[in-house]
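Participant: Quick one, fold the following:
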Amino acid sequence: MESNLKTAQILINRKCVLGEGILWNKHDQCLYWVDILQKRIYSYHLESKESAFWELPGYVSKIVPLKDDPGKFLIAMQEGLAIWTKENHHLSILIQLDTENGQIRTNDGGMDPEGNFWIGTMHMKALPDQGKLMRLREGVLKTLIAAVTIPNGIVWSTDSLHFYFIDTYTREIRRYALDKGGDLMEGYDTLVRVPGELGMPDGMCMGPDGHLWVAHWGGFGVYKWHVKTGELLDKVTVNAPNVTSCCFGGPTGMDLFISTAQEGLGAAELEAYPDSGKIFQFKNLGCE
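Facilitator: Numbers count the residues shown, from 1 in each chain. As a prediction, this is how the structure comes out:
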């Protein structure tokens, strides 16, 4: 691994209880993320530094812009998948989800290269194998993996031949082969099994360098893993233990943005790491 001289800086001082799902939207040059437990969507315009948030009626875990209508977003809430319009805060439910009397909620998700939305679910208490990984295609929601615990890190290789997936509970970064239709082929490789001292793998993005950048819950940073060998290549340190998600964006596409959480920390840890829950940035990472 490269010698670690990289430390992310605070970008936004507002604290989230469980900040997640950070993304960069080229259309409006804004960052978006959610606070799952506060039931909020946040936005931040990088140049003007203007920020805003919107409260929703249920837990919200993921937001992605619609390619054909940039002012609208597909969001994952506990109750279902919905279209959210930023301009007027209008919410239109697409598909209802079975919450099992409030015990199940959505977690991480992502849009595949063909424009289909993949979303994971989990038990509110993270009970083993109570969640699923599903895909919304042409209005139909299909289960792809029937038993997961904490679904995270839903990304595709740049050549669309592989799908990378994390079940945080297992500490695994999995690699699935995809067929020509974009479906998962049977079985998977465990690309990385994260050692306990590095925390647990959470959100993940594909870097401009074609490698996997993974936020580590309990790991104080975002770690770079080789997309083919699983070798640990680099780390961006964050002054908060529970690092939840990451994305690349900004004017050059080389800025790394990072979300964190206060959730899971006791009073002593929150006092020791008062920046927990904030949004961090590492400028011009210059992936090689």
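Participant: Under the pLDDT cut-off, which ranges of the protein? List them.
Facilitator: 2-4, 286-288 (pLDDT under 70).
Participant: cutoff 50 now
Facilitator: 288 (pLDDT under 50).
Participant: what about the helices in it?
Facilitator: Using DSSP state H, the helices found in the chain span residues 267-272.
Participant: do you know how far the residue at the greatest distance from the centre of it is from residue 222?
Facilitator: Ranked by distance from the centre of the chain (CA atoms, centre = their mean), the top residue is residue 268, with 26.9 Å. From residue 268 across to residue 222, the span is 25 Å (CB to CB, to the nearest Å). For the C-beta atoms, the positions are set from N, CA and C on the backbone; glycine is no exception.
Participant: And residue 34, by the same measure?
Facilitator: 18 Å.
Participant: Give me the nearest residue to residue 70, chain neighbours excluded.
Facilitator: Once flanking residues are discounted, residue 70 sits nearest to residue 27: 3.9 Å by CB to CB, 6 or more residues apart in numbering.
Participant: So what's the residue count around the one you found?
Facilitator: 11 (other CB atoms under 10 Å).
Participant: what do you get for the one 4 residues further on?
Facilitator: Residue 31 is flanked by 25 other residues according to other CB under 10 Å.
Participant: same question, residue 284
Facilitator: Neighbour tally, residue 284, other CB under 10 Å: 11.
Participant: all strands of the stretch 151-288 of the chain, in order?
Facilitator: 151-156, 162-167, 172-177, 189-193, 200-206, 212-217, 221-225, 232-237, 243-249, 255-260, 279-282 (DSSP state E, counting those that start in this stretch).
Participant: okay if I get those strands as a markdown table plus distance to residue 47?
Facilitator: Below are the strands of the stretch 151-288 of the chain laid out as a markdown table (distance: least, CB to CB, whole Å):
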| stretch | distance to residue 47 |
| --- | --- |
| strand 151-156 | 27 |
| strand 162-167 | 32 |
| strand 172-177 | 34 |
| strand 189-193 | 36 |
| strand 200-206 | 22 |
| strand 212-217 | 24 |
| strand 221-225 | 24 |
| strand 232-237 | 23 |
| strand 243-249 | 12 |
| strand 255-260 | 12 |
| strand 279-282 | 13 |
